[in-house]
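Trainee: below: sequence and its predicted model.
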Amino acid sequence: MGDSYLAMGETVEGFIQNAYESLRNGDENAAQGFLKKAMSIDFEHSEVLYALKCLNWWLEKLRRLENFSDPYEQGGFILSQWDSYYDFLGRIGKGRFSAEAGIPLEALDSCQYAMKRFVFSRAMSYFLLLFREGMNQQDPVLLLRTGRCCKGAGDLEEAANYLEQANRLKRDDSAILSELADVKDLLREARAAKVLFKEAFYFDPQGVDLWGLESEMIRSLRDKVRDMGHTGTELAEWIPVWGCIEDVFSIKRELKPVELGRLKQSILSLENEYRSKGSDNPHVKPRLLNRYFWLVDHYQCIRDSSGLIDETMLKIKFIDPVLYDRYRM
């Protein structure tokens, strides 16, 4: 196991750190061994029990990989388990395994960081097998999944490389745009991240993996919108609206003629739906507001003086006067 492990000392804390280092290096067996050694010293240590529960959850899932013979399916299966894992964390986090129950928040974060590095690295190893000898270089879904795994494994530059390739092959895809935006923000390229996030939420908010994003900018906005009472699928729809109001999506651009035409057609369709169905579809109102904001941004960029900005703003005021006042502040 190496001198670096022994240097930590045979203490509970030392074994815990050795376990996390093993996970980051992809050695789940060593990690499990270190955690068991820690438990032999203190059977009731909350962080040790928490880490073992999390690791055992993933080990049970990874044993199912033998049911798949194709690397694409194996990597995809691992990625498909994250929602279930978050549900699992929510359940155990409400009991003794929480910051309120005595485990420091930084300890919970350290455990999850190591777990994430381990799991995404494992999934990435399967996807990378598919790129041998130049194969599958034109598959945007595979490039997206590999980019996600690189991000989760901590290799941001490589993640950006795969995601940029995917974006060149499949423009206007919200999943690709949002993942690329996330990586750009983690690389401290805030302006590029804001542009890409804004585009992603315009094309299809439901295509954005809200809970898989790591950007503090988006996570803060997501939590704020959720605290306003927007939950479920509505949450993603309201994020670009409040992103504009809160000046998170502050980068504006002039639309190309074909883009402007599509935007106006989308607005017309949503206006008709909003008038005919009212609140039957909770996605219609935030999507319409989002498109109004895009139209206002475009008119501001071209310095329109014909009154189209005021006309669009009146439409916003008619739909939501309170939100209109917030936007005008």
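Mentor: Structure's in. What do you need?
Trainee: show me the shaky parts of the stretch 201-329 of the chain.
Mentor: 278-279, 329 (pLDDT under 70).
Trainee: try it again with 80
Mentor: The stretch 201-329 of the chain contains residues with pLDDT under 80 at 277-280, 328-329.
Trainee: now the helices for it?
Mentor: In the stretch 201-329 of the chain, the helices defined using DSSP state H, counting those that start in this stretch lie at 216-227, 232-245, 257-277, 284-301, 308-319, 321-328.
Trainee: biggest helix in this protein by residues?
Mentor: helix 105-129 (DSSP state H).
Trainee: in the helix or strand hosting L144, what's buried?
Mentor: Element membership of L144, judged by DSSP states H and E, is helix 140-153. Residues of helix 140-153 classed as buried: 140-153 (neighbour count, 16 or more other C-beta atoms under 10 Å). Just so you know, the C-beta spots here come from the backbone N, C-alpha and C atoms, and that holds for glycine as well.
Trainee: dump those residues to a markdown table, plus pLDDT and distance to E199.
Mentor: Listed next are the buried residues of helix 140-153 as a markdown table, based on pLDDT from 0 to 100; distance: C-beta to C-beta, whole Å:
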| residue | pLDDT | distance to E199 |
| --- | --- | --- |
| P140 | 96 | 16 |
| V141 | 96 | 19 |
| L142 | 96 | 22 |
| L143 | 97 | 18 |
| L144 | 98 | 15 |
| R145 | 97 | 20 |
| T146 | 97 | 21 |
| G147 | 98 | 17 |
| R148 | 97 | 18 |
| C149 | 98 | 23 |
| C150 | 97 | 21 |
| K151 | 98 | 19 |
| G152 | 96 | 23 |
| A153 | 96 | 26 |
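Trainee: tell me the one of the residues you listed nearest N67?
Mentor: Using C-beta to C-beta, R145 comes nearest to N67 of the buried residues of helix 140-153, at 19.2 Å.
Trainee: which residues are in contact with the closest residue to that closest one other than its chain neighbours?
Mentor: Of all residues not flanking R145 in the chain, F127 sits nearest, at 5.7 Å (C-beta to C-beta, 6 or more residues apart in numbering). Residues near F127 by C-beta atoms under 8 Å, 6 or more residues apart in numbering: P71, Y72, G75, L142, R145, T146, C149.
Trainee: doesn't W82 make contact with the last one?
Mentor: So the one you mean is C149. No: with contact defined as C-beta atoms under 8 Å, C149 does not count as touching W82 (11.4 Å).
Trainee: most distant residue from the centre of the chain?
Mentor: The C-alpha centroid of the chain is most remote from S306, which lies 40.1 Å away (C-alpha atoms, centre = their mean).
Trainee: show me this protein divided up by domain.
Mentor: If you go by automatic domain parsing, the domain ranges for the chain are 1-97+107-116, 130-209, 227-329.
Trainee: hey, which of the ones you listed is tucked in deepest?
Mentor: Highest mean neighbour count of the domains of the chain: domain 130-209, a mean of 20 (counted as mean count of other C-beta atoms under 10 Å).
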